[in-house]
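Visitor: Okay, structure incoming, though there's no sequence with it:
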């Protein structure tokens, strides 16, 4: 029976180690799954933002194209106006040349009339009257000539203004062309990035499905292992403890009658194939408290001698469930690193207190 018990104990420890390993792997897979889910959601959000930005850029591109077409139409209209003005200017110039020719002809006629005046004294009054008429006509022609000159200067100014406007429109057209090329390049880049994001999303989706499949498989294996563990624990509950040891659940407990410090107490437990008790539940705490006599204090397997304030059990696990007395632990004088359970009849659960590891108390072993 002892050999079977030892074998079952080893199997129990082996199964417990495997269970802890599977639990850690399950937690790691869960963490990886959560990380991939978060990254997938972030990628979906980024994809939606890129899609919105792409649509906005497409709208801007369409708006710029429409504006470019309007500028092109305006440029063509200005070019037509310039051509008409140029034709009018050419016509006016031709008329000015004809007037100049007429003026020169009249000037020659005037000289002929002056000669006739010298030769024909009898017709002086008539010629004088004609001369005066011609003089007035000359003045009118002169005024018309200067008017044509002024119109020509105005046309020249208008032509220069139109030339500057045309040059400005050309520069704006070139700028719009450059901007359009930049938008085309940006659009192509965004399209490539979208394709890359789609590829990454597909890969993450496949990885997510693979993880989901493995997670389901691990859940099935965990359930099988849990069933096996439950069956083994049911068997262990039926095995008796050694003489002088008390049974609770699947563990055996030894309450000493001698007193030793915390370190020597642990050595005594280990010499019997056990260790100082590790309390994992309220029910176990109540059982241990009932095993003590009124007012007794006993060492348990909890200390912070490695790191001050970090309470660890002798198996290396942290103390998640705690039953400290009010105001404890206080590490009085900075030299209280080991924990004792304090039995109180008024409290069926019992309480903990930190004390100096050198103090001598009874102890409790767990196997």
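Guide: Nice, I can see it. This one's a predicted model, so the numbers in the text were calculated from it and none came from an experiment. Numbers count the residues shown, from 1 in each chain.

Visitor: what's the burial count for residue 138?
Guide: 15 (other CB atoms under 10 Å). All C-beta atoms are positioned from the backbone trio N, CA, C, and that covers glycine.

Visitor: Please report how far it lies from residue 113.
Guide: Going from residue 138 to residue 113 by CB to CB, to the nearest Å gives 12 Å.

Visitor: Return the distance of stretch 126-134 from the chain's centre.
Guide: Its chain's average C-alpha position is 99 Å from that of stretch 126-134, according to CA atoms, centre = their mean, to the nearest Å.

Visitor: With stretch 120-135 instead?
Guide: Centre to centre, stretch against its chain (CA atoms, centre = their mean), the figure for stretch 120-135 is 103 Å.

Visitor: Over to stretch 1-15?
Guide: Relative to its chain's centre, stretch 1-15 lies at 53 Å (CA atoms, centre = their mean).

Visitor: just checking, what packs against the helix or strand where residue 85 lies?
Guide: Residue 85 is part of helix 2-119, with elements assigned from DSSP states H and E. Where contact means 3 or more CB pairs under 8 Å, 6 or more residues apart in numbering; DSSP states H and E, helix 2-119 is packed against helix 124-237.

Visitor: Which is the succeeding secondary structure element to the helix it packs on?
Guide: strand 246-248.

Visitor: Next SSE downstream of that following strand?
Guide: strand 251-255.

Visitor: Report the strands that pair with that following strand, each with its relative direction.
Guide: As defined by DSSP bridges, the strand partners of strand 251-255 come to strand 246-248 (antiparallel), strand 362-366 (antiparallel).

Visitor: looking at it, residue 242 is touching residue 252, isn't it?
Guide: Yes - contact criterion CB atoms under 8 Å: residue 242 and residue 252 qualify, at 6.7 Å.

Visitor: ok so, going back, tell me how far the helix holding residue 85 is from the chain's mean position?
Guide: That offset, for helix 2-119, works out to 25 Å (CA atoms, centre = their mean).

Visitor: and that helix with helix 124-237, angle?
Guide: 180 degrees (axes from the mean of the first three to the mean of the last three CA atoms, to 10 degrees).

Visitor: which one of the strands paired with strand 251-255 lies closest to residue 179?
Guide: strand 362-366 (79.3 Å; CB to CB).

Visitor: Not counting that closest one itself, show me its contacts.
Guide: Outside strand 362-366, the residues within contact range by CB atoms under 8 Å, 6 or more residues apart in numbering are 251-260, 262, 265-266, 268-269, 272, 274-278, 288, 291, 296-301, 341.

Visitor: and what of stretch 47-54?
Guide: With CB under 8 Å, 6+ apart as the criterion, stretch 47-54 contacts 187, 190, 193, 194, 197, 198, 201.

Visitor: tell me, how many neighbours does the fifth one end up with?
Guide: Pointing back at residue 197 there. Residue 197, neighbours per other CB under 10 Å, totals 15.

Visitor: That one against residue 42, yeah?
Guide: No - with contact defined as CB under 8 Å, residue 197 does not count as touching residue 42 (11.0 Å).

Visitor: Spatially central residue in the chain, please.
Guide: What sits nearest the mean C-alpha location of the chain, by CA atoms, centre = their mean, is residue 42, with 7.1 Å.

Visitor: Show the contacting residues for that residue.
Guide: Contacts of residue 42 (CB under 8 Å, 6+ apart): none.

Visitor: Which pLDDT value belongs to it?
Guide: On the pLDDT scale, residue 42 is placed at 92.
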